[in-house]
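**Q** Give the three-dimensional model of this entry:
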Amino acid sequence: MRITDGYQNMFRIPELKRRLLFTGFILIIYRMGGHIPTPGVDTTALRSFFEGQQGTLLGLYDLFAGGNLSKATIFALGIMPYISASIILQLMQAVVPALEKLAKEGDEGRAKITQYTRYGTVLLATIQAAGISIALEQFTGGSGEPVVPDPSLLFKFVTVVTLVSGTMFVMWLGEQITERGIGNGISLIITIGIIARYPAQTLQTIQQMKIGEMTWFKLIPILAFMVVVIAAIILITQGQRRIPVQYAKKMVGRRMYGGASTHIPLKVNTAGVIPIIFAQSIIMFPSTLAQYFPESVAMQNLASIFAPGQPVYILVYSVIIIFFAYFYTAVVLNPVDLADNMKKHGGFIPGIRPGKRTAEFIDRVLSRVTLPGAIFLAAIAVLPDLMIRYFNVPFYFGGTGLLIVVGVTLDTLQQIESHLMMRNYDGFMKRGKLRGRR
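**A** Numbers count the residues shown, from 1 in each chain. Take a look at the predicted model:
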């Protein structure tokens, strides 16, 4: 079966068609909001200011905000406050017994944690919006023109209200996609913001080819390498180590239950892009700090040592990513809980004694599986800096953005695939004739 048949099948199922159109409609609304500026900001001066912010925390934040921060739109904060609140609550579950107990209470517990996440989002968005309103008044464009021509208390108040409202609206849009659309709404909103940068980068490459800075002889190997990298990301994202689990048979009344065989899937990259986000926040701190101390020789030297592409930067950045890969995996996947749940339901790993021995076995396998995933994350994270610095590639390829785009695309395609298979239609991955009704 051709892949085009899979796309045609998506629109043969009324429910899936509605979900796809609804998702597209919501994403269009999000992109339209990305062109409404915050009152009182000179967007031209702000854009000029952000041209020098590549490789800083502001540049990183702008990436996740889909470019809205550099344009000071009503969605300037993007969905980052919600993501930050989610990560904080997830980490707190490992150290706060009450939250850990709440997370194990099923749908009701998860609903309460979601509500706490929303409260945390409002708090973080308010703090960040207040910080941005103050910072905007200090920023100047390339020619020295102020980003905020008329700074005042009213400007700060309007900016905070606008940005917090924008964040809550974006969060609501993401939840609507998750409930009534297809895919994870929050992830899709981040992804569409990242993809929105690609046309500009493509035009930039075309312009460089016109003036002779880029040739087909150089571009074709780069494109081939990009295909290989994307294939490797898909392989690592989908890769998993399956631990076989056997459930003992037991007699209940006159019926025999249990005896089923299943497996525990341990993903090679359990932590996703979180380690890179944490590592970027740390490694970009010296460069960001140096922006505020232009007269300090020590700060400028520190910033040059930790400049993207420098050996110290690559080494420290990679080590931090590997550390956070193990740390976050330990937070989200507890071998002791897995072993206890298996024992409680009569499950065991063949050849391994239930309980403590099972937990130790899972922990040992998880540690070995996580290592190649962590090293791969580090390699993908430093790839853009190496390509730009040493191969003069005119666009940013790799890093957090590429991992997010590939991961979210795979997840969305898998959900579409599930809808197709449930209704006896072949999906994207399966060959053969359509079995559904025409």
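**Q** Give the buried residues for the helix ranked longest in the chain.
**A** With residue count as the measure and DSSP state H as the assignment, the chain has helix 356-391 as its longest helix. By neighbour count on 16 or more other C-beta atoms under 10 Å, the buried set for helix 356-391 is 358-359, 361-363, 365-366, 369-370, 373-374, 376-378, 380-385, 387-388. For every residue, glycine as well, the C-beta is placed using N, CA and C.
**Q** Neighbours of the closest residue in space to residue 379 that isn't next to it in sequence, how many?
**A** Once flanking residues are discounted, residue 379 sits nearest to residue 318: 7.9 Å by C-beta to C-beta, 6 or more residues apart in numbering. By the criterion of other C-beta atoms under 10 Å, residue 318 has 19 neighbours.
**Q** same thing with the one 10 residues further on?
**A** Per other C-beta under 10 Å, the neighbour tally for residue 328 reads 21.
**Q** Same question for residue 203.
**A** By other C-beta under 10 Å, the residues close to residue 203 number 10.
**Q** and residue 148, which of the three is it?
**A** coil (DSSP: H, G, I helix; E, B strand; the rest coil).
**Q** show me where the stretch 51-200 of the chain has helices.
**A** Taking DSSP state H, counting those that start in this stretch as the criterion, the stretch 51-200 of the chain carries its helices at 57-64, 80-92, 97-103, 107-138, 153-180, 185-195, 198-211.
**Q** Mind putting the ones you listed into a markdown table with distance to residue 277 and mean pLDDT?
**A** Rendered in a markdown table, the data for the helices of the stretch 51-200 of the chain read as follows (distance: least, C-beta to C-beta, whole Å; pLDDT from 0 to 100):
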| stretch | distance to residue 277 | mean pLDDT |
| --- | --- | --- |
| helix 57-64 | 8 | 70 |
| helix 80-92 | 8 | 84 |
| helix 97-103 | 22 | 81 |
| helix 107-138 | 15 | 87 |
| helix 153-180 | 18 | 91 |
| helix 185-195 | 11 | 87 |
| helix 198-211 | 20 | 83 |
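**Q** okay if I get those as a markdown table plus distance to residue 335?
**A** Supplementary listing: those in a markdown table, determined by distance: least, C-beta to C-beta, whole Å:
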| stretch | distance to residue 335 |
| --- | --- |
| helix 57-64 | 31 |
| helix 80-92 | 17 |
| helix 97-103 | 15 |
| helix 107-138 | 22 |
| helix 153-180 | 29 |
| helix 185-195 | 27 |
| helix 198-211 | 40 |
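**Q** Nearest to residue 26, out of those?
**A** Residue 26 sits nearest to helix 153-180 of all these, at 5.3 Å, using C-beta to C-beta.
**Q** what's the spacing between the closest one and its chain's center?
**A** Going by C-alpha atoms, centre = their mean, to the nearest Å, the spacing between the C-alpha centre of helix 153-180 and its chain's C-alpha centre is 19 Å.
**Q** Would you mark the buried spots in it?
**A** Across helix 153-180, burial judged by 16+ other C-beta under 10 Å covers 155-156, 159-160, 162-164, 166-168, 170-171, 173-174, 176-178.
**Q** Output the contacting helices and strands for that helix.
**A** Applying 3 or more C-beta pairs under 8 Å, 6 or more residues apart in numbering; DSSP states H and E, one finds that helix 153-180 contacts helix 14-33, helix 80-92, helix 107-138, helix 185-195.
**Q** mind running it again at 6 Å?
**A** Contacting helix 153-180 under the criterion 3 or more C-beta pairs under 6 Å, 6 or more residues apart in numbering; DSSP states H and E are the following elements: helix 14-33, helix 107-138, helix 185-195.
**Q** How about the second one, which residues are buried there?
**A** Within helix 107-138, the residues that qualify as buried are 113, 116-117, 120-122, 124-126, 128-130, 132-133, 136-137, counting by 16+ other C-beta under 10 Å.
**Q** Please apply the same query to the last one.
**A** By neighbour count on 16+ other C-beta under 10 Å, the buried set for helix 185-195 is 185, 186, 187, 188, 189, 190, 191, 192, 193, 194.
**Q** nearest to residue 18, of these?
**A** Proximity of the buried residues of helix 185-195 to residue 18, judged by C-beta to C-beta, is greatest for residue 185, which lies at 15.5 Å.
**Q** Could you tell me which residues make contact with that closest one?
**A** Residues counted as contacts of residue 185 (C-beta atoms under 6 Å, 6 or more residues apart in numbering) are 174, 175, 177, 178.
**Q** Having no further points to raise, I will conclude here.
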